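Novice: Fold the following.
(one chain, ligands or ions: 1)
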Amino acid sequence: MTNPTPLADLSADDLAARLSTVRADYEALQARGLTLDLTRGKPGADQLDLAAGLLGLPTTYRDRAGTDVRNYGGLDGLVELREIFADLLGVDTSAVVCGGNSSLTLMHQVITAMLLKGGPDSPRPWSQEPTVKFVCPVPGYDRHFTMLAELGIEMVTVPMHADGPDVEAVRALVADDPSVKGLWIVPTYANPTGSVCSTEVAAALMAMPTAAPDFRIFWDNAYAVHHLTDAEVKSADALGLAAASGHPNRPIMFASTSKITFAGAGVAALATSAENRAWYLERLGFASIGPDKVNHLRHVEFFGDADGVRAHMRKHRELIAPKFAAVDHALTERLDGLGIAEWTVPTGGYFVNLDVLDGTASRVVALAKQAGIALTPAGSAFPHGQDPRDRNIRLAPTFPVLAEVEAAMAGVAVCVELAALEKLSA
Ligand code: PMP
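Specialist: Below you'll find the model as predicted:
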């Protein structure tokens, strides 16, 4: 049902007629008694099955150097696996540390160490500063924001554009205020916008003057290899750009195989300057005698090399690209031309960013809930869950099976239209 007339242009009578039609559609939707969930960006069971071979590995317990991986040691992770991450992230193997399964945990460790100890270039630990602030491009990843809130770090927002954070806005925040210590960015296929940080934006972020000498960019490349089209973008060379502009310690890259192998049993990695890496490993040495190298070896045997990972990601794409197409199809079919919604058609990553009519996102989520469709709470892509325009909704279509994505999204489109009509008629 495509209506080329923007809803805002309808006469009062036409608006009323349309409202009653869409109310009837919504009642029919409710009557279906659905229970569908588009809330979290989790891999589907079929995606996890792609890595089932891991459960039979490793076939040996010795690494390339002959070390018994079952024992303690090797704090920075198996070199064979570090080589794979280095290739995928476009950095030197010597920059990489491989750890446990969660990159979020690595980010948390780095921030808490900066708070308690300070980094190599910190005048004092961050916790001894009167305030610590991070620049947060929005919409962004909710867990980044909840982590900062938990640690008492203030968040200042800048807009996220298709090519990365708004550089001028970032520059203005970091130039004179030494309490601004960090910036969070998902450079490739960002959560939730799908944005890809261009080399120009990355270069500007790495080169810009900052009042804080220990300013850090948390370069969370969770979706570096998670392409949805043949245009497999290459992430900007954050470490190289930072070193070239005289700020080698600024970026810390994070990645994991959470959405490559098993979300709960993969491997996470970080990559950073030699000085930061030594600082991180020194801190880590007080917390661990070594990572799970059996899991590291299992991953090395499963993939062989970075090309093995790339080939594996194409199998994921085959499974999930149809789900993303279904999201776009459902939204286009119902909402195209109505002037009440905009959405992304991402070329990678795990999310679709849906912006509805200002002031209606919470209502859309509530309507969907009453129709048995769970959506991420409105505002969750903003610090403290506060979307100033109440218009942003993050859609995560990977976990449900395709038929469920289709049903859920047809329902979401009804809710978006109904909420808009209610608002325009009020
Ligand atoms: N960063 C981003 C941007 C994410 O979207 C996610 C998963 N939703 C994570 C990190 C979590 O990564 P991990 O499983 O490695 O902790």
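
Novice: This structure against the ligand: which residues are in contact?
Specialist: Contact residues (C-beta under 6 Å from any ligand atom) of the chain with the ligand: Gly41, Ser102, Ser103, Leu104, Tyr141, Val186, Asn191, Asp220, Ala222, Ser256, Ser258, Ala268. Placement of C-beta: from N, CA and C, glycine included.

Novice: Output these as TSV; include the columns distance to Trp126 and pLDDT.
Specialist: Shown next, in TSV, are the residues of the chain next to the ligand (distance: C-beta to C-beta, whole Å; pLDDT from 0 to 100):
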residue	distance to Trp126	pLDDT
Gly41	29	91
Ser102	22	98
Ser103	21	98
Leu104	19	98
Tyr141	21	98
Val186	22	98
Asn191	25	96
Asp220	19	98
Ala222	24	98
Ser256	25	98
Ser258	27	98
Ala268	23	98
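
Novice: Go through those residues and name the one nearest Gly119.
Specialist: Within the residues of the chain next to the ligand, distances to Gly119 taken as C-beta to C-beta reach their minimum at Asp220, with 17.7 Å.

Novice: The lengthiest strand in the chain: what's the following helix or strand?
Specialist: Counting residues, the longest strand found in the chain (DSSP state E) is strand 154-161. Next along the chain after strand 154-161, taking DSSP states H and E as the criterion, comes strand 164-165.

Novice: average pLDDT for that next one?
Specialist: Averaged across strand 164-165, pLDDT comes to 98.

Novice: about what we covered before: list the contacts of the longest strand of the chain.
Specialist: 131-140, 145, 148-149, 165-166, 169-170, 173, 180, 190, 193, 195, 382-384 (C-beta atoms under 8 Å, 6 or more residues apart in numbering).

Novice: For that strand, which residues meet the burial criterion?
Specialist: Within strand 154-161, the residues that count as buried by 16 or more other C-beta atoms under 10 Å are Met155, Val156, Thr157, Val158, Met160, His161.

Novice: Which stretches in this structure count as helices?
Specialist: 12-31, 45-49, 79-89, 103-116, 142-150, 167-174, 199-207, 238-244, 274-284, 293-303, 306-335, 361-370, 402-425 (DSSP state H).

Novice: Buried ones in the last one, by neighbour count?
Specialist: When you say that, I think you mean helix 402-425. Within helix 402-425, judged by 16+ other C-beta under 10 Å, the buried ones are 402, 404-424.

Novice: got the angle between that helix and helix 306-335?
Specialist: Between helix 402-425 and helix 306-335, the angle comes out at 40 degrees (axes from the mean of the first three to the mean of the last three C-alpha atoms, to 10 degrees).

Novice: what sits up against stretch 291-311?
Specialist: Contacts for stretch 291-311 (C-beta under 8 Å, 6+ apart): 51, 53-54, 57-61, 63, 69-70, 74-75, 77-78, 80-81, 83-84, 87-88, 98-101, 225, 232, 257, 260-261, 265-267, 312.

Novice: From the residues of the chain next to the ligand, pick the one nearest Ala396.
Specialist: Gly41 (4.4 Å).

Novice: Check whether that closest one really touches Thr376, as I assumed.
Specialist: No. If you go by C-beta atoms under 8 Å, Gly41 and Thr376 don't touch, sitting 9.3 Å apart.

Novice: Mind listing the shared neighbours of those two?
Specialist: Counting by C-beta under 8 Å, 6+ apart, the residues touching both Gly41 and Thr376 are Ala396.

Novice: check contacts around the residue of the stretch 301-426 of the chain found nearest the ligand.
Specialist: The ligand sits closest to Tyr350 of the stretch 301-426 of the chain, with a gap of 6.4 Å, by C-beta to the nearest ligand atom. Tyr350 makes contacts with Gly41, Tyr189, Asn191, Tyr223, His226, Lys259, Ala396, Thr398, as judged by C-beta under 8 Å, 6+ apart.

Novice: Quick check: the third one vs Ala403, distance?
Specialist: Read that as Asn191. 25 Å (C-beta to C-beta, to the nearest Å).

Novice: burial measure for Ala31, as a count.
Specialist: By other C-beta atoms under 10 Å, 9 other residues sit near Ala31.

Novice: how much space between it and Gln370?
Specialist: For Ala31 relative to Gln370 (C-beta to C-beta), the value is 12 Å.

Novice: In the sheet, which strands lie alongside the longest strand of the chain, parallel or antiparallel?
Specialist: Its sheet considered, strand 154-161 pairs with strand 133-138 (parallel), strand 164-165 (antiparallel) by DSSP bridges.

Novice: Now do the contacts for Ser380.
Specialist: So Ser380 contacts Asp142, Arg394 (C-beta under 8 Å, 6+ apart).
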